[in-house]
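Asker: sequence? don't have it. structure:
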């Protein structure tokens, strides 16, 4: 199923779309009206420890530090809500106006709240 929602975050209209496929969870987060950089985030669990996440760019440039942070945090949210697993990676389209700490955390908080209330 496809889910969409939007909210103003740090003064920017932010659109989120999520689609659950059999072998992938696709999430777009855009403040620019486009998919932006397409990343694949894979989850790994080693010896029962907390999950770690590898971020690989599929389209666009190598993620900046802020993009990488947002990608890993959103993967953690998706993993915590059982939307991804080691066998179900996250495909993430990310196009934010800014990737500073406050903007990144505001976007992650918005999505965390949405998935927690679904």
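Answerer: Alright, I've got the coordinates. These numbers were taken from a predicted model, which means no experiment stands behind them. Residues are numbered from 1 along each chain as shown.

Asker: tell me the buried residues in stretch 32-51?
Answerer: 35, 36, 37, 38, 39, 40, 41, 42, 43, 51 (16 or more other CB atoms under 10 Å). To be clear about C-beta, it is placed using only N, CA and C from the backbone, and glycine gets the same treatment.

Asker: low-confidence ranges in the chain?
Answerer: 117-118 (pLDDT under 70).

Asker: before we move on, what SS does the residue most central in space within it have?
Answerer: Nearest to the mean C-alpha position of the chain, by CA atoms, centre = their mean, lies residue 74 at 3.9 Å. Under the three-state scheme (DSSP: H, G, I helix; E, B strand; the rest coil), residue 74 adopts helix.

Asker: I'd say it and residue 26 touch.
Answerer: No - in this structure residue 74 lies outside contact range of residue 26 using CB atoms under 8 Å: 11.9 Å.

Asker: which residues do those two both contact?
Answerer: Common contacts of residue 74 and residue 26, defined by CB atoms under 8 Å, 6 or more residues apart in numbering, comprise 90, 92.

Asker: quick one: stretch 16-32 to chain centroid distance?
Answerer: 8 Å (CA atoms, centre = their mean, to the nearest Å).

Asker: flag every buried residue along that stretch.
Answerer: 16, 17, 18, 25, 26, 27, 28, 29, 30, 31.

Asker: out of the residues you listed, which are inside strands?
Answerer: 16, 17, 18, 25, 26, 27, 28, 29, 30 (DSSP state E).

Asker: can you list these in CSV and add distance to residue 99?
Answerer: Output for those, formatted as CSV (distance: CB to CB, whole Å):
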residue, distance to residue 99
16, 16
17, 20
18, 20
25, 22
26, 21
27, 16
28, 16
29, 11
30, 13
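
Asker: just the residues you listed now: which is nearest residue 85?
Answerer: residue 25 (9.3 Å; CB to CB).
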